[in-house]
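Enquirer: below are the sequence and a predicted model; questions follow.
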Amino acid sequence: MSADLSAVPAGPVTAVLALGSNLGSSPQILTDAVAQLAAHELVQVTAESPLVVTAPVGGPPDQPEYLNQVIEVRTTLSPLGLLGLAHQVEQAHHRERIVRWGPRTLDIDIITFGSLSSDDEELTLPHPRAAERAFVLTPWSWMDPGAFIGGRSVFELADAAADRGGVRPYRAPAPSDPAAPEAHPVPEAHPAPSGITDAGAAGKAAQS
Ligand SMILES: Nc1ncnc2c1ncn2[C@@H]1O[C@H](COP(=O)(O)OP(=O)(O)OP(=O)(O)O)[C@@H](O)[C@H]1O
Ligand SMILES: Nc1nc2c(c(=O)[nH]1)N=C(CO)CN2
């Protein structure tokens, strides 16, 4: 399939994004990331799932649990423009790619972009592993119980996913809660995240 991933859509397209973090102050990182995506003039965040705590799937066995969330956006960015924006937001949170499926401050995957299909390695749509990941499907089904991916019900896929038992709702700790989890330490000291700009987002067009 060869979709034109740089094409700016004629009108707003609904896309589903999955966010994950297991290094640093994950609840704050996800909150900031959604705000940074929403701050782009060509992106509107139209729905947000609850946060979920999830057991790591793949990668190093000793990595911390993840905090995951799924959001829906309406955008007039091109598919690659939206990917570029996702990468900018990841970089603002010092995402490093060291080990495949290794721990990260922030990961943003594009799960669907309208009804687009793409087998391009740079941007595969729908996301090739989303339909088997409860850490994506469960929060997505809570946000939108009628959602489909690849013609299949997200709700039913979540129920069938091998990692479904590793997903639970996130409960924000009360400030005085002795069980409040520590933020997962990030290996190196990093400067505060910088603001997100349009600079790297391809396919930018005037809002329609
Ligand atoms: N649907 C997609 N969403 C995000 N990135 C994608 C997608 N399809 C392909 N990619 C490409 O995958 C590359 C690797 O992405 P990343 O390092 O975030 O993978 P990952 O999140 O660790 O693993 P996984 O792809 O299994 O979720 C990116 O540079 C990007 O170009
Ligand atoms: N629980 C969980 N496991 C993962 C996650 C994630 O976000 N949550 N992301 C991965 C690569 O994208 C690999 N494994």
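Expert: All right, it came through fine. Numbers count the residues shown, from 1 in each chain. Ligands and ions are numbered 1, 2, ... in the order given.
Enquirer: could you use CA atoms for every contact and neighbour count after this?
Expert: Fine.
Enquirer: for A55, which residues are in contact?
Expert: For A55, the contacting residues are 64-66, 163, 166-167, taking C-alpha atoms under 8 Å, 6 or more residues apart in numbering as the criterion.
Enquirer: out of these, which are buried?
Expert: Of all the contacts of A55 considered here, the ones buried according to neighbour count by 16 or more other C-alpha atoms under 10 Å are 64-66, 163, 167.
Enquirer: which bits of the protein sit near ligand 2?
Expert: Contact residues, the chain versus ligand 2 (C-alpha under 6 Å from any ligand atom): 20, 54-58, 66, 68, 101, 135.
Enquirer: G165: neighbour count?
Expert: For G165, the count of nearby residues is 12 (other C-alpha atoms under 10 Å).
Enquirer: nope, R164 is what I was after
Expert: Using other C-alpha under 10 Å, R164 has 20 other residues around it.
Enquirer: which residue is the nearest non-sequential neighbour of it?
Expert: A134 (5.0 Å; C-alpha to C-alpha, 6 or more residues apart in numbering).
Enquirer: ok, which stretches of the chain are helices?
Expert: For the chain, the helices defined by DSSP state H cover 26-38, 79-92, 134-143, 154-160.
Enquirer: what about stretch 100-110 and ligand 1, touching?
Expert: Yes. Applying C-alpha under 6 Å from any ligand atom, one finds stretch 100-110 touching ligand 1 at 100-101, 107, 109-110.
Enquirer: tell me where this structure has strands.
Expert: Counting by DSSP state E, the chain forms strands over residues 13-21, 43-48, 52-54, 66-75, 107-113, 118-119, 124-125, 148-149, 152-153, 167-169, given from the N-terminal end onward.
Enquirer: now those in CSV, with mean pLDDT?
Expert: Below are the strands of the chain laid out as CSV (pLDDT from 0 to 100):
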stretch, mean pLDDT
strand 13-21, 98
strand 43-48, 98
strand 52-54, 98
strand 66-75, 98
strand 107-113, 98
strand 118-119, 97
strand 124-125, 98
strand 148-149, 97
strand 152-153, 98
strand 167-169, 98
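Enquirer: ranking the ones you listed by burial, who's on top?
Expert: Neighbour counts (mean count of other C-alpha atoms under 10 Å) averaged over each of those peak at strand 66-75, with a mean of 25.
Enquirer: ok, that strand: who's next to it in the sheet?
Expert: When pairing is defined by DSSP bridges, strand 66-75 lines up against strand 13-21 (antiparallel), strand 43-48 (antiparallel), strand 52-54 (antiparallel).
Enquirer: just to revisit the earlier point, the contacts of A55: which two are farthest apart?
Expert: Of all pairs drawn from these, the one with the longest distance (C-alpha to C-alpha) is P64 and D163, at 15.4 Å.
Enquirer: E96 - nearest residue in space that isn't next to it in sequence?
Expert: Counting by C-alpha to C-alpha, 6+ apart, the nearest residue to E96 once its immediate chain neighbours are dropped is R104, at 6.7 Å.
Enquirer: with P60 instead?
Expert: Closest residue to P60 in three dimensions, ignoring its sequence neighbours and counting by C-alpha to C-alpha, 6+ apart: G102, at 6.1 Å.
Enquirer: tell me who's in contact with the one you found.
Expert: G102 makes contacts with 59-60, 63, as judged by C-alpha under 8 Å, 6+ apart.
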